[in-house]
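**Q** have a look; sequence and predicted model below, questions after that.
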Amino acid sequence: MHNGSCLCGAVTFEFDGELAAPNGCHCSQCRKQTGHYLVSTDVERSKLKVSGKESLVWYQSSGKVRRGFCATCGSTLFWDPLFQQQTAIAMGAFDTPTHVQMGLHIFVSDKGDYYDLTDGLPQNQK
């Protein structure tokens, strides 16, 4: 069981299952939402239990995706593709050890110019 929450604790979540290797998304939307880049793992939506939904706000960032965050503290929590069965959870929101390692970087063509990627992981331009 993996547990997590926003900074203030108003939104909590549980996921019962193994976590996939996270990816780091460097697209301009993820950078603007998080202030850097978003590292998240995809989970099966049906196995994700969220509490405190009254504090969970969704921003429809495109016709295909919405982004979930806490209305109280602003913590980035979820990236939710509407027409798929998975939801991405921000790795920084987990409370417990995850026992996974990042697998790749995506949208590196959009990454900020103030940092380099030197970890040796695969880098997808888009």
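**A** Thanks, I have the structure now.

**Q** partner residues bridging Thr12?
**A** Beta bridges link Thr12 to Ser5, Ser51, judged by DSSP bridges.

**Q** quick one: it and Gly52 touch, right?
**A** Yes - using C-beta atoms under 8 Å, Thr12 is in contact with Gly52, at 5.8 Å. For glycine as for every other residue, the C-beta is placed from the backbone atoms N, C-alpha and C.

**Q** helices of the protein, start to end?
**A** In the chain, helices defined by DSSP state H lie at 28-34, listed in chain order.

**Q** give me the distance between the residue nearest to the spatial centre of it and Ala21.
**A** Residue closest to the mean C-alpha point of the chain, counted by C-alpha atoms, centre = their mean, is Ala90 at 2.8 Å. Distance, Ala90 to Ala21, using C-beta to C-beta, to the nearest Å: 15 Å.

**Q** Gln125 too?
**A** Gln125 is 19 Å from Ala21, by C-beta to C-beta.

**Q** and for Ser46?
**A** Counting by C-beta to C-beta, the gap from Ser46 to Ala21 is 21 Å.

**Q** which one of those two is surrounded by more residues?
**A** Comparing Ser46 with Ala21 by other C-beta atoms under 10 Å, the one with more neighbours is Ala21, at 12 against 9.

**Q** surely the more buried one touches Gly103?
**A** Yes - between Ala21 and Gly103 there is a contact at 3.2 Å, judged by C-beta under 8 Å.

**Q** where does this structure have low pLDDT?
**A** For the chain, no stretch has pLDDT under 70.

**Q** and Gly9, how many neighbours?
**A** 14.

**Q** for it, what are its contacts?
**A** For Gly9, no residue meets the contact criterion (C-beta atoms under 8 Å, 6 or more residues apart in numbering).

**Q** and Trp58, by the same measure?
**A** Arg66, Arg67, Gly68, Asp80.
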